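Chemist: Next come a sequence and a model predicted from it.
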Amino acid sequence: MSDLRDLLHVQYPIIQGGMANIATHELAAAVSNAGGFGLVGSGGWDVDRVRDEIRKTKALTDKPFGVNIMLMSPHALAISDMVIEEGIKVVTTGAGNPGIYMEKWKKAGIIVIPVVPSVAFAKRLARIGADALIVEGTEAGGHIGEITTFTLVPQVCDVVDIPVIAAGGIADSRGLDAAFVLGASGVQIGTVLLASHECPVHDNYKNKIVGAKDTDTVVTGRGTGAPVRVIKNKMSRKYLELAKDHDITLEEIEVLTLGSLSKAVFSGDMDNGSIMAGQSAGLVKNIRSVKEILVDIFEPSRVNKGTL
């Protein structure tokens with residue numbers, strides 16, 4: 001079967017999510033060295049920080065890796081040029097339409113893989129030259145759409161003729177197999193990698209993932225048009241309570257979230273930090289190495305055994 005392994009020249013058809021503040025050189029290199037496809041997540045970093053992360057990743061692995069660019073970042077334009085200068089061969093994009101960058105990326109031989117939350121957006125990006133699509137369901141952590149992975153992936157597969165990578169809710173071999181049955185050529189994982197030894201988040205964050213149950217995530221920000229899935233805590237409960245008060249402005253509510261991801265990632269503040277994680281957290285039972293995680297996802301799978 002032709003899948004992500006052929007497109008990206010990797011051992012496993014598994015991409016690491018480009019998680020802001022988390023997808024650093026340590027995690028990207030670990031995923032690539034383990035046989036998956038690592039990503040440096042640019043998030044809100046400036047061009048010099050992203051360049052530094054790329055060069056540090058190159059120093060840690062000779063395997064393929066890419067860069068995720070958050071298109072709403074004020075640094076996106078500068079980063080879009082820098083990835084060409086640095087010889088990056090794969091770019092994934094989120095939070096916007098990469099159309100204005102397509103021509104120069106294609107000229108540079110870059111494989112472009114946007115993240116899409118809907119069928120309409122998938123069709124549009126396929127038309128303008130995307131090489132593959134990461135189709136992300138609402139089960140995912142962080143910024144999300146409203147459609148489930150289970151229903152979105154096959155609908156996109158039905159209308160595009162490029163590889164589809166399923167994302168959202170995938171943390172084990174059953175998720176990988178399900179994605180392929182739905183028509184995907186690979187998967188993107190994020191939440192399960194948060195509980196890896198190589199992930200640079202605080203130990204409190206990792207332990208929160210491991211301890212999560214099926215109902216422990218919640219979506220904030222729907223009223224702002226920017227829904228975010230996080231693990232429930234004091235901050236998320238306060239946010240949702242304030243959102244019910246029609247006398248409070250959106251700006252006043254958003255003040256609550258300023259710097260909240262950093263509080264969780266770097267300080268380990270599990271009360272006031274934004275603990276971004278997907279619903280698959282309930283499937284994560286222990287902290288493992290990245291290699292163990294990828295092996296546990298792929299080796300028992302029917303995709304690997306050729307029995308789908």
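Modeler: Nice, thanks for sending it over. Residues are numbered from 1 along each chain as shown.
Chemist: what's Gly35 in contact with, if anything?
Modeler: Contacts of Gly35 were listed using CB atoms under 8 Å, 6 or more residues apart in numbering, and they are Val10, Gln11, Tyr12, Ile14, Lys291, Leu294, Phe298. In this view, the C-beta of every residue, glycine as well, is placed from N, C-alpha and C.
Chemist: what's the answer for Leu240, then?
Modeler: Leu240 touches Val218, Thr220, counting by CB under 8 Å, 6+ apart.
Chemist: Apply 7 Å and report the result again.
Modeler: Shown in contact with Leu240 (CB atoms under 7 Å, 6 or more residues apart in numbering): Thr220.
Chemist: likewise Ser274?
Modeler: Neighbours of Ser274 in contact, by CB under 7 Å, 6+ apart: Val230, Met235, Thr257, Ser260, Leu261, Ala264.
Chemist: Hmm, which of the residues you listed is lowest in pLDDT?
Modeler: The member of those with the lowest pLDDT is Thr257, and it reads 73.
Chemist: list the contacts for it?
Modeler: Thr257 touches Tyr239, Ser274, counting by CB under 7 Å, 6+ apart.
Chemist: and if we set it to 10 Å?
Modeler: Contact partners of Thr257, counting by CB atoms under 10 Å, 6 or more residues apart in numbering, are Thr220, Gly221, Thr224, Val228, Val230, Met235, Ser236, Tyr239, Lys263, Asn272, Gly273, Ser274.
Chemist: Tell me if I'm right that the third one and Glu254 touch.
Modeler: Yes. Checked against CB atoms under 10 Å, the pair Thr224 and Glu254 is within contact range at 7.0 Å.
Chemist: coming back round to it: which among the contacts of Thr257 end up buried?
Modeler: Neighbour-count burial (16 or more other CB atoms under 10 Å) applied to the contacts of Thr257 gives Thr220, Gly221, Val228, Val230, Met235, Ser236, Tyr239, Lys263, Asn272, Gly273, Ser274.
Chemist: Dump these to CSV, plus secondary structure.
Modeler: Shown next, in CSV, are the buried ones among the contacts of Thr257 (DSSP: H, G, I helix; E, B strand; the rest coil):
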residue, secondary structure
Thr220, strand
Gly221, coil
Val228, strand
Val230, strand
Met235, helix
Ser236, helix
Tyr239, helix
Lys263, helix
Asn272, coil
Gly273, coil
Ser274, coil
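Chemist: quick one: which of those is nearest Val67?
Modeler: Val228 (22.3 Å; CB to CB).
Chemist: which residues does that closest one form a beta bridge with?
Modeler: Beta bridges link Val228 to His143, Thr220 when assigned by DSSP bridges.
Chemist: so it makes contact with Tyr239?
Modeler: Yes. Contact between Val228 and Tyr239 holds when scored by CB under 10 Å: they sit 9.5 Å apart.
Chemist: Name the residues contacting each of these two.
Modeler: With CB under 10 Å, 6+ apart as the test, Val228 and Tyr239 both reach Val218, Thr220, Gly221, Thr257, Ser260, Ser274.
Chemist: Phi first, then psi, for the residue nearest to the first one when sequence neighbours are not counted.
Modeler: To tie it back to what came earlier, the one meant is Val218. Leaving out its chain neighbours, the residue that sits closest to Val218 by CB to CB, 6 or more residues apart in numbering is Lys232, at 4.9 Å. With angles defined as degrees, to the nearest 10, Lys232 sits at phi -60, psi 140.
Chemist: Likewise for Val255?
Modeler: phi -60, psi -30.
Chemist: same check, this time on Ile110
Modeler: According to degrees, to the nearest 10, Ile110 has phi -80, psi 130.
Chemist: pLDDT score for it?
Modeler: 97.
Chemist: ok, back up a step: tell me, how many residues neighbour the residue nearest to Val218?
Modeler: By other CB atoms under 10 Å, 15 other residues sit near Lys232.
Chemist: residues in contact with it?
Modeler: Ala212, Thr215, Asp216, Thr217, Val218, Thr220, Leu240, Ile275.
Chemist: can we see that at 8 Å?
Modeler: The contact partners of Lys232, taken as CB under 8 Å, 6+ apart, are Asp216, Thr217, Val218.
Chemist: could you give the mean pLDDT of stretch 287-294?
Modeler: 98.
Chemist: make that stretch 171-187, sorry
Modeler: pLDDT averaged over stretch 171-187 gives 97.
Chemist: roughly how far is that stretch from the heart of the chain?
Modeler: Here stretch 171-187 is found 16 Å from its chain centre; the criterion is CA atoms, centre = their mean, to the nearest Å.
Chemist: Repeat that for stretch 167-178.
Modeler: On CA atoms, centre = their mean, the centre of stretch 167-178 falls 14 Å from that of its chain.
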